[in-house]
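Novice: Quick one: sequence plus predicted model below, questions after.
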Amino acid sequence: MEETKTLIYDGSFNGFLTAIYYAFETNKSGIIIQKKGDKPSGIFSNSSIIFTDMRKAQNVWKTIQNKNNAAIKNIYFAFLSENKNIENQLYLYIKNLFNPYIASQIGYSIVIQIKLENTALRVAKEKKYLEKSIEFQLSKDQILFSNISPNNDVLPLISKYFRTRHNSKFWLIYDVKRNYGIYYNTFGIETISINTNQILEYKTNNNIGKTKKIPELNNYFQLNDINTLVLNKLHNESSFNTLSDINVKNIAI
C-alpha cells in the first residue's frame with residue numbers, strides 16, 4: 001500500500017495553487033492537500049509544509065487557463081466555498097483536465113464534477129445576492145461601511161462591483177464571520193483585520209453571538225474613525241488573495 005503524502009498550505013488560494021504545483025511535481029497517486037490547522041487526514045501519511053510561491057501559483061493558474069479557460073471560474077468559486085475537503089476535490093478536478101485516466105484511477109468521477117460545479121454556482125449566487133443587497137452606513141468620519149457574515153468567502157468576488165459602483169467614495173465591507181474586510185480608498189483595495197475580541201462583547205452559547213456580532217460592530221464603526229482604524233490595521237502580508245495576484249481578472253464575475 002502506497003504511503004500518502006499530505007501537503008499542508010497556508011489557507012490562501014495562492015497557497016493552494018502552490019500545493020497543486022508540488023502535487024503534480026511529485027507525481028504520486030496518494031496526495032492529500034490540507035489547510036494549515038485542519039485535523040490530520042490520516043495516520044499513515046507523511047506531511048510537508050508548502051510555502052506560498054507566487055511564481056509557482058501563477059504558473060499553475062496560467063496552465064489551467066490555457067488548458068480549459070471555462071474551468072478557472074469553477075475552481076476559484078468552489079475554493080471560496082470553504083467546503084470540507086474542497087482542496088482534494090479540486091485537485092482531482094484539475095488532475096482530470098490534464099490526465100483523465102490517472103484522475104479516474106485515484107477517485108475522480110462525474111459526481112465530483114457535478115458537485116464542484118454546483119458549489120461554484122452556489123458561491124456565484126451569494127456573490128450576486130450580496131452585490132444587490134448590501135446597504136452601507138456612515139461611520140463617525142463619514143466613510144461608508146457594511147458588516148456581513150456570508151456563508152462563503154465572497155469578499156474577493158464582490159470588490160470589483162463595489163469599486164465600480166462607489167469609485168469616488170471611501171468604503172469598508174467587513175466579513176464578521178472570517179474577521180477581515182476590504183477597504184477602498186478611491187485608489188485601490190486594502191485588507192484589514194480587527195481584533196474583535198477587544199471590541200465585541202457577546203455570548204457564543206447557542207449561537208447568540210451570530211445575532212449580536214454585526215450590530216455591535218456596526219455600533220463600533222459608527223462611533224469611531226474608520227480611516228484611523230484602517231491606517232493602524234493595514235496588512236502587509238500576502239494572506240489575502242487579490243484578483244491581480246492570481247490573474248483572475250479574466251473570469252466573468
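Specialist: Looks like it came in fine.
Novice: In three-state terms, label Gln142 for me.
Specialist: What DSSP: H, G, I helix; E, B strand; the rest coil gives for Gln142 is coil.
Novice: Please enumerate the strands of this protein.
Specialist: Secondary structure of the chain (DSSP state E): strands at 4-9, 31-35, 45-49, 137-138, 144-148, 171-175, 180-184, 189-192.
Novice: The stretch 151-253 of the chain: helices as residue ranges?
Specialist: Taking DSSP state H, counting those that start in this stretch as the criterion, the stretch 151-253 of the chain contains helices spanning 155-165, 208-223, 226-233.
Novice: Among those, show the one with the smallest mean pLDDT.
Specialist: Confidence, taken as mean pLDDT, is least for helix 208-223 of the helices of the stretch 151-253 of the chain (a mean of 68).
Novice: if I pick Thr52, what's in contact with it?
Specialist: By Cβ atoms under 8 Å, 6 or more residues apart in numbering, the residues touching Thr52 are Tyr9, Asp10, Ser12, Asn14, Gly15, Thr18, Ser238. Using the backbone N, CA and C atoms, a C-beta is placed for each residue, glycine as well.
Novice: Let me know which of the helices of the stretch 151-253 of the chain is the nearest to Ile143.
Specialist: Closest approach to Ile143 among these (Cβ to Cβ): helix 226-233, 4.4 Å.
Novice: Determine the set of other helices and strands touching the closest one.
Specialist: strand 189-192 (3 or more Cβ pairs under 8 Å, 6 or more residues apart in numbering; DSSP states H and E).
Novice: Now do the strand it packs on, average pLDDT.
Specialist: Computed over strand 189-192, the mean pLDDT rounds to 86.
Novice: Grab the nearest non-local neighbour of the residue most central in space within the chain.
Specialist: In the chain, the centroid-proximal residue (Cα atoms, centre = their mean) is Leu80; its distance is 4.3 Å. In this structure, Leu80 finds its nearest non-sequential neighbour in Asp153, 4.6 Å apart by Cβ to Cβ, 6 or more residues apart in numbering.
Novice: Only the buried residues of stretch 127-144, if you could.
Specialist: Lys127, Leu130, Ile134, Ser139, Ile143, Leu144 (16 or more other Cβ atoms under 10 Å).
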